[in-house]
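Trainee: sequence-free structure coming up:
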């Protein structure tokens, strides 16, 4: 299970890593750090963070490889990755996106921008976790046995978005998606 407010920060530059760590802590995050992508993988396996913030590429940090490994692993694929990119070239951003990055901040960047992006990614993770099918197990019911309007009202009181899959006895199927009531 991921820890949503836990951030794993990866940077081989100790001074920059320490400065960003302090800034993220002040913003309310729990932060663990790593100075290489090998150390980062070990950290992720020990305790799955809610977010990985990583340099895209430095001598000891291969963010692309790290991101690909995370996204390929079933238990870690949902962990968002925020890259700190050295430039804003389209090829740099394309490489990061192809690796599975959820967001990219081009350096130099304001700490506020990094914190805001981190909060957004974690909020998205929490929203998707709350609304995931695992959080609301499927159930089967005959519409002859329930008040459909009452059922929909009960569901919309509990969640912002849901999908109702319908199937008739003759095999005809349909789907009803409700967002924000």
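Mentor: Arrived safely, thanks for sending. Treat the numbers as computed from the prediction; the structure is a model and nothing was measured.
Trainee: and the residue sitting nearest the centre point of the chain, what are its phi and psi?
Mentor: By CA atoms, centre = their mean, the mean C-alpha position of the chain lies nearest to residue 80, the distance being 3.4 Å. With angles defined as degrees, to the nearest 10, residue 80 sits at phi -70, psi 150.
Trainee: so it makes contact with residue 102?
Mentor: Yes - counting by CB atoms under 8 Å, residue 80 does reach residue 102; the two are 4.1 Å apart. Any C-beta I mention is one placed from the backbone N, CA and C, and that applies to glycine too.
Trainee: hang on, the earlier thing: residues in contact with the residue nearest to the centre of the chain?
Mentor: Contact analysis of residue 80 by CB atoms under 8 Å, 6 or more residues apart in numbering lists 50-52, 102-103, 121-122, 124-125.
Trainee: Repeat that for residue 42.
Mentor: Each residue near residue 42 by CB under 8 Å, 6+ apart is listed here: residue 34.
Trainee: For the remainder of this discussion, apply numbering that starts at 20.
Mentor: Fine by me, first position is 20 from now on; the one you just mentioned is residue 61.
Trainee: and it, that's in a strand?
Mentor: No - counting by DSSP: H, G, I helix; E, B strand; the rest coil, residue 61 is not found in a strand; it is helix.
Trainee: mind checking how far it is from residue 191?
Mentor: Look at residue 61 and residue 191: by CB to CB, to the nearest Å, they are 52 Å apart.
Trainee: give me the element the closest residue to residue 126 other than its chain neighbours is part of.
Mentor: Closest residue to residue 126 apart from its sequence neighbours, by CB to CB, 6 or more residues apart in numbering: residue 103 at 5.6 Å. In this assignment (DSSP states H and E), residue 103 forms part of strand 100-104.
Trainee: Can you tell me what sits against that strand?
Mentor: For strand 100-104, the external contacting residues (CB under 8 Å, 6+ apart) are 30, 70-75, 82, 85-86, 89-90, 111-112, 115, 119-126, 128, 133, 136-137, 140.
Trainee: What confidence value was assigned to residue 116?
Mentor: The per-residue pLDDT reported for residue 116 equals 88.
Trainee: Excluding chain neighbours, give the residue nearest to it in space.
Mentor: Counting by CB to CB, 6+ apart, residue 116 lies nearest to residue 123, which is 7.5 Å off, once chain neighbours are set aside.
Trainee: The one you found touches residue 112, doesn't it?
Mentor: Yes - when contacts are counted by CB under 8 Å, residue 123 is listed as touching residue 112 (5.5 Å).
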